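Q: Quick one, fold the following:
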Amino acid sequence: MNTDADKDAALFRTAVGSVTPLAEQNRIPHPKPSIQARVRSTSVSHVIADTLSDFSDSNSPEDYLANGLSRLTLRKLRRGQYPVQDELDLHGYTTDTARMRLQAFLHEAMCRQWRCVRVIHGKGINSRGGEAVLRMLTRNWLTQSSRVLAFCATSPGARGSGAVLILLRISS
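A: Numbers count the residues shown, from 1 in each chain. Model prediction:
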């Protein structure tokens, strides 16, 4: 009983005809690679420089628009015309931890080509003295970042002054 594989092998032998192998001296040996392939680790952690300052000589702005951008951009951001692609919640963090987390979040957003993100900093209701420290600092840090094109408070129905929408630069 001939199978299709047997028929294919017989057809191949007929098509090729008689073949003699090359002599041993006519063969070219394959060179061994001199450099071994490097295996990339998936758990590589990037060190992100802490470039943001806590110092601000004035009150942090409610809204921000980078130089050279149209006011229409900020208006579109306020109206929610840019879909929010991710968010970061800074509730309960110290200022140092919050700053580092924000920088890591902005770095990840740049790597993933996110255009619009939300950062929840809280309203400062549970802070000592009722002062919204993270709210002021977050807005101050965002004005220092070259990745940020614009930001504004979220709409009253979506956390209001306790969060900020951020429009980011997409690097090419």
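Q: so where's the protein uncertain?
A: 1-2, 22, 26-27, 30-60, 124-131, 156-160, 171-172 (pLDDT under 70).
Q: so where do the helices sit in it?
A: Under the criterion DSSP state H, the chain carries helices at the ranges 4-16, 71-78, 95-111, 133-144.
Q: To residue 165, which of those lies closest?
A: The closest of the helices of the chain to residue 165 is helix 71-78. By CB to CB, the value is 5.6 Å. Where you see a C-beta, it was placed from the backbone N, CA and C, and this is true even at glycine.
Q: Residue 168: neighbour count?
A: 21 (other CB atoms under 10 Å).
Q: wouldn't it be in contact with residue 108 here?
A: No - judged on CB atoms under 8 Å, residue 168 makes no contact with residue 108 at a distance of 10.8 Å.
Q: do you know how far the closest residue in space to residue 116 that isn't next to it in sequence is from residue 170?
A: In this structure, residue 116 finds its nearest non-sequential neighbour in residue 82, 3.8 Å apart by CB to CB, 6 or more residues apart in numbering. Between residue 82 and residue 170 the computed distance is 12 Å (CB to CB, to the nearest Å).
Q: Also residue 12?
A: 54 Å.
Q: Between those two, which has more neighbouring residues?
A: More crowded of residue 12 and residue 170, by other CB under 10 Å: residue 170, with 12 against 9.
Q: That one and residue 115 touch, don't they?
A: Yes - in this structure, residue 170 is within contact of residue 115 by CB under 8 Å, at 6.0 Å.
Q: okay if I get the helices of the chain as a markdown table plus distance to residue 121?
A: What follows is those, written out as a markdown table (distance: least, CB to CB, whole Å):
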| stretch | distance to residue 121 |
| --- | --- |
| helix 4-16 | 68 |
| helix 71-78 | 17 |
| helix 95-111 | 8 |
| helix 133-144 | 4 |
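Q: Ranking those helices by mean neighbour count, which comes first?
A: helix 133-144 (a mean of 20; mean count of other CB atoms under 10 Å).
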